[in-house]
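okay, structure incoming, though there's no sequence with it:
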């Protein structure tokens, strides 16, 4: 468990700026840039965007003509299966699918408050609820055999099904969720300056795990004693660490490189998982790291070289980060990772020497506002983005609606 605790609270005052969106140094933007409807999620399906508004309505946009095709009220969550079939959950907890282009049919109903909705590669629904994680028509909750002890996200193990305001298992209401190719559901709780906690639900075994930081006490990690440090590690955690000639490997989910609030997780076809994180509290901190599974026993290695692409200012002994890191995504069309930061959208390039560089794609000017969750940092105005082909992507903003970048200009859906 990694926690960052500061006793003194910093009160930040912000001025609210509203920018007219533009592409680089041109003014060839089509569509309105200040939108009256805010969105909280979207899914791309062929030439349509299925979007969920902040007030829980489904709006289906046609990407080609930028027109609304469907509006359905009282829809809270949306997912898409591997056959590109759309599933929805409405305010009554009913899981629905499209019977035709506009008519919905009810598949089943969940009789408890719902916090999130995912679907696995076998098309089984995964629903985080007040009663636990609903999967294959069964609710799973942590047991005493699941070593979960972070006070930030777990309060009362025995009274998990009592009042709706009791917060017994806050992991179900995690701030970020991700399902990887190994059928592990990541449940990330971001507590701002008070640290982070990440939990994992194994769909196959129905077990819960928590990320854990391994330690052998304080040790000065210089070149002279680094080998001795890892020897102590190996002695203390023989089943959780492997030291090879080239790499130090850790058993998942121990020693994961998660230090700040997760803004995005993306995975490529080879199972490499990249994580973007950021936090601004007194100073700016953030990183992009990648982990890759090394063997069938569940050991992984961590690649921190990707973090070197972030803009920094080095002044004597200070190393100052200049980018507030946002979401990361994988473009399956060109086999590359991309990320967004306060400096714009970037493509991450892996060079022949196994180091990384980046290429700026676009930097739109977007509006932001004061009044931030957890009273820490400034607001990340891009929430997620997803590619529809090699050069075009859809992105969700906090204040400017949904953007569509077609490789040269941006259109916004209002």
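Thanks, I have it. All of these numbers come straight from a predicted model, not from anything done at the bench. Numbering: from 1, shown residues only.

report all helices and strands that the longest strand along the chain contacts.
Secondary structure assigned by DSSP state E gives strand 283-293 as the longest strand of the chain. Taking 3 or more CB pairs under 8 Å, 6 or more residues apart in numbering; DSSP states H and E as contact, the helices and strands that strand 283-293 lies on are strand 273-281, strand 299-303, strand 318-321, strand 325-331, strand 336-341. In short, each C-beta sits where N, CA and C put it, glycine included.

Serialize the ones you listed to JSON lines and add fields for mean neighbour count and distance to residue 71.
Output for the helices and strands packed on strand 283-293, formatted as JSON lines (neighbours: other CB atoms under 10 Å; distance: least, CB to CB, whole Å):
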{"stretch": "strand 273-281", "mean neighbour count": "24", "distance to residue 71": "33"}
{"stretch": "strand 299-303", "mean neighbour count": "18", "distance to residue 71": "44"}
{"stretch": "strand 318-321", "mean neighbour count": "12", "distance to residue 71": "42"}
{"stretch": "strand 325-331", "mean neighbour count": "23", "distance to residue 71": "27"}
{"stretch": "strand 336-341", "mean neighbour count": "25", "distance to residue 71": "28"}
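
what's the closest of the ones you listed to residue 174?
strand 273-281 (14.5 Å; CB to CB).

show residues contacting the closest one.
With CB atoms under 8 Å, 6 or more residues apart in numbering as the test, strand 273-281 has contacts from 4, 6, 10, 180, 192-193, 257-267, 284-292, 306, 324-328, 330, 337, 339, 376-378, 380.

let me know the angle separating that strand from strand 299-303.
For strand 273-281 against strand 299-303, the angle by axes from the mean of the first three to the mean of the last three CA atoms, to 10 degrees is 60 degrees.

so what are the sheet partners of strand 273-281 and their directions?
strand 261-267 (antiparallel), strand 283-293 (antiparallel) (DSSP bridges).

list the buried ones in the shortest one?
The neighbour-count check on strand 261-267 (16 or more other CB atoms under 10 Å) flags 261, 262, 263, 264, 265, 266, 267 as buried.

let me see the contact set for the third one.
When you say that, I think you mean residue 263. Counting by CB under 8 Å, 6+ apart, residue 263 makes contact with 176, 276, 277, 278, 325, 326, 327, 328, 380.

can you pick out the most distant pair from those?
176 and 325, at 13.5 Å, using CB to CB across the contacts of residue 263.

mean confidence for stretch 197-205?
Mean per-residue pLDDT for stretch 197-205: 92.

an error on my part: the question was meant for stretch 280-288.
Stretch 280-288 comes out with an average pLDDT of 87.

centre of the chain versus that stretch, how much separation?
Counting by CA atoms, centre = their mean, to the nearest Å, stretch 280-288 is centred 17 Å from the centre of its parent chain.

which intervals of the stretch 1-150 of the chain have sub-threshold pLDDT?
1-37, 101, 147-150 (pLDDT under 70).

could I get the contacts of residue 263 as TSV with distance to residue 47?
Putting the contacts of residue 263 into TSV (distance: CB to CB, whole Å) gives the following:
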residue	distance to residue 47
176	28
276	28
277	33
278	33
325	31
326	26
327	23
328	25
380	28
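
return the member of the residues you listed nearest to residue 242.
Closest approach to residue 242 among the contacts of residue 263 (CB to CB): residue 277, at 25.2 Å.

so residue 47 sits against residue 65, correct?
No - with contact defined as CB atoms under 8 Å, residue 47 and residue 65 do not form a contacting pair (9.3 Å).

which one's more surrounded, these two?
Each of residue 47 and residue 65 has its neighbours counted (other CB atoms under 10 Å); residue 47 has more, 11 against 8.

give me phi/psi at the more buried one?
For residue 47, the backbone dihedrals (degrees, to the nearest 10) come out as phi -100, psi 20.

same question for residue 124.
Backbone torsions for residue 124, taken as degrees, to the nearest 10, come to phi -90, psi 140.

tell me the contacts of it?
Neighbour list for residue 124: 135, 136, 203 [criterion: CB under 8 Å, 6+ apart].

which non-adjacent residue is nearest the first one?
Put plainly, it is residue 135. Leaving aside its chain neighbours, residue 135 sits nearest to residue 126 (5.2 Å; criterion: CB to CB, 6 or more residues apart in numbering).

again, but for residue 202
residue 184 (5.9 Å).

any chance of the helices and strands packed on strand 283-293 in a markdown table, plus distance to residue 103?
A markdown table is the format used below for the helices and strands packed on strand 283-293 (distance: least, CB to CB, whole Å):
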| stretch | distance to residue 103 |
| --- | --- |
| strand 273-281 | 38 |
| strand 299-303 | 45 |
| strand 318-321 | 50 |
| strand 325-331 | 32 |
| strand 336-341 | 37 |
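
pick out the shakiest of those strands, pLDDT-wise.
The stretch with the lowest mean pLDDT among the helices and strands packed on strand 283-293 is strand 318-321, at a mean of 87.

what's that strand packed up against?
By 3+ CB pairs under 8 Å, 6+ apart, strand 318-321 packs against strand 283-293, strand 312-315.

parallel or antiparallel, list what pairs with it.
Strand 318-321 has the following strand partners under DSSP bridges: strand 312-315 (antiparallel).

tell me which residues in the partner strand are buried?
In strand 312-315, no residue is buried by neighbour count (16+ other CB under 10 Å).

how about residue 304, nearest residue that isn't a chain neighbour?
Per CB to CB, 6+ apart, closest to residue 304 is residue 289, 5.5 Å.
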